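Asks: with the sequence up front, the predicted model follows.
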Amino acid sequence: MTKKILYTGFIILTLLAAGCKKGLLDKVPKDSLSDEIVWENPATAEQFINGIYGLMISGFERQEQDWGCGLWMLDDATDDGSMCYDWTAATNFNKANYGPSNSPLFNQWGAYYSLVRKCNLALANLGRVQGNDAMKERLKGEAYFLRAYIYQELLRFYGLKSTGSSATGVPIIKQPLQPTDNFQIARSSYDETVNFIVSDLDSATLLLPGVDAVEAGRASTGAALALKSRVLLYAEQWANAAAAAKAVMDLSPGYSLYPDYKALFLDKNNPEIIFAKKFAAPAKAHGSDGLGYTPGWDVVNTVSGGSFGGGWGGTCPTQNLVDAYEMTDGKPYNESSLYDPANPYQNRDPRFYATVLTNGSLFRGGIVETFAGGSNTAAGGAQDATKTSYYIRKFHNEAAVLYSTGGDEDWIFIRYAEVLLNYAEAQNEAVGPDASVYDAVNQVRARPGVNMPPLTASLSQAQMRESIRNERRVEFAFEEQRFFDVRRWGIANEVLNQPVYGMSIIKNGSTYTYNRVAVDDRTYTGKMAVLPIPQVETVKNPACTQIAGW
C-alpha cells in the first residue's frame, strides 16, 4: 500500500486555485470552472473527487444548528448514549419532539444530494479527461463508490423496508440536473434504491484498485464489497449479504483484525480499516473552526480545576451499555460469579475499558472521579458533566495536548470486524448457526488483547441472533451503528421507549456504594424508524412525498 495519504476537507475552488495560475482564475467565471478546468486533465479531475471525499459526513461532524461540529453523536439517540446538554438536537430525538420543520439532522438531506450531484458530474465528465487512462478509470470507480455510499446513507436515514405499500426508498438521480430539467422527482421504492446502490458498487468493483494498491483514504474493491454486504444485510437479502461479506473475507491480500482494540481508532491506516474519512491536525482537525466539540479528544469534563484540563462532557455512555459488556468468563454480569456489586467494573470484556471511563479509571495521569461531589461531576446544576457517571474513552488520544489543535483521529466508516459480523448475521439468518457463523463471531471475540471466550456451542438460531446483536453493540459502541441496528432489527420500540440509566456513586471513606438510577426518560414512536424529509425539501420537490406518519 502506498504511503501517500488522501486528506479531506478541501473545497474544490481552493484546490483549483492551488493548482492554477491566479491570473487564469481571475479571467474564468467560477461557474464555468468545472467545464473549463476540472475535466481538462487527470490531476484536476482527481482534485474534484478529493473534494467529495472531504465533504463526506462523519460521526465527528454531527452539527447543532450549523455550529458545534461533533457536539453530539447518533448514539445519543439510542440506549447506549446520554447527552449532557438538554438543549441539543439529541433531546428532540429522545423526546420525540421533532418533525419535518425541525428535524435533528435538518441539513443532511440537502448535503447528501449536493454530493450526489458532484458524483453525477464526475461520472458524466470523466470521459472527457485526456491522458492517464488508468487514473481516469480509477476515478470513475471512486465516483460510483461514493455515490453508492451516499445513497446508502440516505436509505439508512430516510428509507423504510417493510411489507406492502409502506416500503419506500429515496429519489434516485443518475445525471447532473440542468436548469431546464424536471426537478419533480418521486421516491423510488426501497428495493429499487437497493438495486441502484448495488449496481453502482458492482461497477465500482470492476474499476477500483485492490487492497494492496489503494491510496490511504480512497475506495478499493474491498470497500465496495464491504459496503455491498452492509446494504444487502439491511435489505435482509441474507444469502447475498453473506456472499458479499465472504468475498471480502477471501481477499488476498486482504484485511485483518488489528491486535490492539484501543489503538485501532488511533493508529491511522491500520489493516482493519476498510474505508475512513481522513483528518490531519492542525488544518483538518475535528472542529478546527474553534466551535467544534471533539469526540475522542475533549471528552472528560472537569469542574473547579479538576485534573484533566477541562472539557465538555458531550456524549456519555449509559448503564444500559455498560450492562451489555460480558464478564471475562463470557457470561452476562447478572449470571456470572465474577461480578461484584461493590466493584462492578472488574473482570469485564477488555473492550469495556477501551471504550468507557468509569469512576476510578486511570486517565491522562489522573483518576476519574464520578462519585457524588467528585471532580468530574457537575456542580450547581451545570450540564457540562456526565449524568450517567461515565465518559467515552474510545477515540481519545491521551497523548494529545488538550486545547492545542483539536483531535485528528480518522473516522472509520467501515472496518473488517463489521464484515465478519455482517457475515455472521446474514449466514445465521440464511442457514442457521453453522460453523462459519461461530468462526466469524469468535474471530472478533478472540482479537489479541480482547481474548473473550468463544461463544457457547449448540446455540439455536434465535440464541445466536441475540449473541450477534450483543456482539455488534459492544464492538461498535459509539461508531453510530446501533442507531440503525435497533431500527432494522425491529426492536427500537422496546429499547428506545424506556428510561436510560446511569450509576449513582457514593464515596464512603475508601469504599464506594453503587446504585443504578434512571437519568433520562425516552419516547419512541413507530414513525421514528426513519427521519422526516425536511419540509423545505418537499416544498421544492412536491413529487417526493413525505414518508407515512410524518
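Replies: Nice, I can see it. A quick note: this is a predicted structure, and the numbers were derived from the prediction, not measured.
Asks: could you measure from the nearest residue to residue 237 once chain neighbours are set aside over to residue 225?
Replies: Nearest residue to residue 237, sequence neighbours excluded (CB to CB, 6 or more residues apart in numbering): residue 194, at 7.8 Å. Placement of C-beta: from N, CA and C, glycine included. According to CB to CB, to the nearest Å, residue 194 and residue 225 sit 16 Å apart.
Asks: and residue 512, by the same measure?
Replies: Residue 512 is 48 Å from residue 225, by CB to CB.
Asks: and those two? Which one has more around it.
Replies: Per other CB atoms under 10 Å, whichever of residue 512 and residue 225 has more neighbours is residue 225, with 25 against 17.
Asks: ok, and what's touching the helix or strand hosting the residue nearest to residue 237?
Replies: For residue 194, the element it lies in under DSSP states H and E is helix 190-207. Applying CB atoms under 8 Å, 6 or more residues apart in numbering, the contact partners of helix 190-207 are 137-138, 140-142, 144-145, 147-148, 151-152, 155, 159-161, 167-170, 172, 188, 219, 221, 224-225, 227-228, 231-232, 235, 237.
Asks: again, 6 Å this time
Replies: Helix 190-207 is contacted by residues 137, 140-141, 144-145, 147-148, 151-152, 155, 159, 161, 167-170, 172, 221, 224, 228, 231, 235 when judged by CB atoms under 6 Å, 6 or more residues apart in numbering.
Asks: are any of these buried, and if so which?
Replies: 140-141, 144-145, 147-148, 151-152, 155, 159, 161, 168-170, 172, 221, 224, 228, 231, 235 (16 or more other CB atoms under 10 Å).
Asks: quickly find the element holding residue 244.
Replies: In this assignment (DSSP H and E), residue 244 forms part of helix 238-249.
Asks: would you mark the buried spots in the following helix or strand past that helix?
Replies: Note on helix 238-249: by DSSP H and E, the next helix or strand toward the C-terminus is helix 261-264. Neighbour counts using 16+ other CB under 10 Å place 261, 262, 264 of helix 261-264 among the buried residues.
Asks: and helix 261-264, how far from the chain's centre?
Replies: Offset of helix 261-264 from its chain centre (CA atoms, centre = their mean, to the nearest Å): 16 Å.
Asks: what helices or strands is that helix leaning on?
Replies: helix 350-355 (3 or more CB pairs under 6 Å, 6 or more residues apart in numbering; DSSP states H and E).
Asks: report all helices and strands that the helix it packs on contacts.
Replies: helix 261-264.
Asks: need the CA coordinates for the helix it packs on. CSV is fine.
Replies: Output in CSV follows, covering the C-alpha atoms of helix 261-264 (Å, rounded to 0.1, in the frame of the first residue of the first chain):
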residue,chain,number,x,y,z
TYR,A,261,-8.7,-2.7,20.1
LYS,A,262,-8.0,0.7,21.8
ALA,A,263,-5.3,1.7,19.3
LEU,A,264,-7.4,0.6,16.4
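Asks: after that helix, next one along is what?
Replies: Counting by DSSP H and E, the next helix or strand C-terminal to helix 261-264 is strand 273-277.
Asks: how far does the helix or strand that that next one is followed by sit from its chain's centre?
Replies: Using DSSP H and E, the helix or strand that follows strand 273-277 towards the C-terminus is strand 315-317. Centroid displacement of strand 315-317 relative to its chain, using CA atoms, centre = their mean, is 15 Å.
Asks: could you check the angle helix 190-207 makes with the longest helix along the chain?
Replies: In the chain, taking DSSP state H as the definition, the longest helix is helix 133-158. Interaxial angle, helix 133-158 versus helix 190-207 (axes from the mean of the first three to the mean of the last three CA atoms, to 10 degrees): 160 degrees.
Asks: show me what helix 133-158 is packed against.
Replies: helix 42-55, helix 108-125, helix 190-207.
Asks: next one: that helix to chain centre, how far?
Replies: Distance of helix 133-158 from its chain centroid, counting by CA atoms, centre = their mean, is 17 Å.
Asks: same deal with stretch 525-539?
Replies: Chain-centre distance of stretch 525-539: 20 Å, with CA atoms, centre = their mean.
Asks: list the buried ones in that stretch?
Replies: 528, 529, 530, 531, 532, 533, 534, 535, 537, 538.
Asks: any idea how far the fifth one is from residue 107?
Replies: Read that as residue 532. Counting by CB to CB, the gap from residue 532 to residue 107 is 14 Å.
Asks: again with the second one
Replies: Going from residue 529 to residue 107 by CB to CB gives 21 Å.
Asks: now swap in the third one and tell me
Replies: When distances are taken as CB to CB, residue 530 and residue 107 turn out to be 17 Å apart.
Asks: my guess is residue 38 contacts residue 48. True?
Replies: Yes - look at residue 38 against residue 48 with CB atoms under 6 Å: they come within range, at 4.9 Å.
Asks: related to what we said a few turns ago, inside helices: which ones of the buried residues of stretch 525-539?
Replies: 535, 537, 538.
Asks: show me the contacts for the second one.
Replies: Neighbour list for residue 537: residue 109 [criterion: CB under 6 Å, 6+ apart].
Asks: quick one: pLDDT of the nearest residue in space to residue 369 that is not next to it in sequence?
Replies: Closest residue in space to residue 369, ignoring its immediate chain neighbours: residue 375 at 4.7 Å, by CB to CB, 6+ apart. At residue 375, the model reports a pLDDT of 86.
Asks: residue 375 in helix, strand or coil?
Replies: State at residue 375, reduced to three classes by DSSP: H, G, I helix; E, B strand; the rest coil: coil.
Asks: mind checking the SS state of the closest residue to residue 465 other than its chain neighbours?
Replies: In this structure, residue 465 finds its nearest non-sequential neighbour in residue 428, 6.2 Å apart by CB to CB, 6+ apart. Judged by three-state DSSP, the three-state class of residue 428 is helix.
Asks: residue 517 too?
Replies: Quick answer, by three-state DSSP: residue 517 is strand.
Asks: how much space between the closest residue in space to it that isn't next to it in sequence and residue 377?
Replies: Of all residues not flanking residue 517 in the chain, residue 504 sits nearest, at 4.6 Å (CB to CB, 6+ apart). According to CB to CB, residue 504 and residue 377 sit 11 Å apart.
Asks: state the mean pLDDT of the helix or strand hosting residue 441.
Replies: Assigned by DSSP H and E, residue 441 belongs to helix 435-445. For helix 435-445, mean pLDDT rounds to 98.
Asks: helices or strands up against the helix or strand that that helix is followed by?
Replies: Proceeding N to C from helix 435-445, the next assigned helix or strand is helix 461-475, under DSSP H and E. Here helix 461-475 touches helix 319-324, helix 416-431, going by 3+ CB pairs under 6 Å, 6+ apart.
Asks: turn these into a markdown table, including mean pLDDT and distance to residue 366.
Replies: Listed next are the helices and strands packed on helix 461-475 as a markdown table, based on pLDDT from 0 to 100; distance: least, CB to CB, whole Å:
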| stretch | mean pLDDT | distance to residue 366 |
| --- | --- | --- |
| helix 319-324 | 98 | 21 |
| helix 416-431 | 98 | 31 |
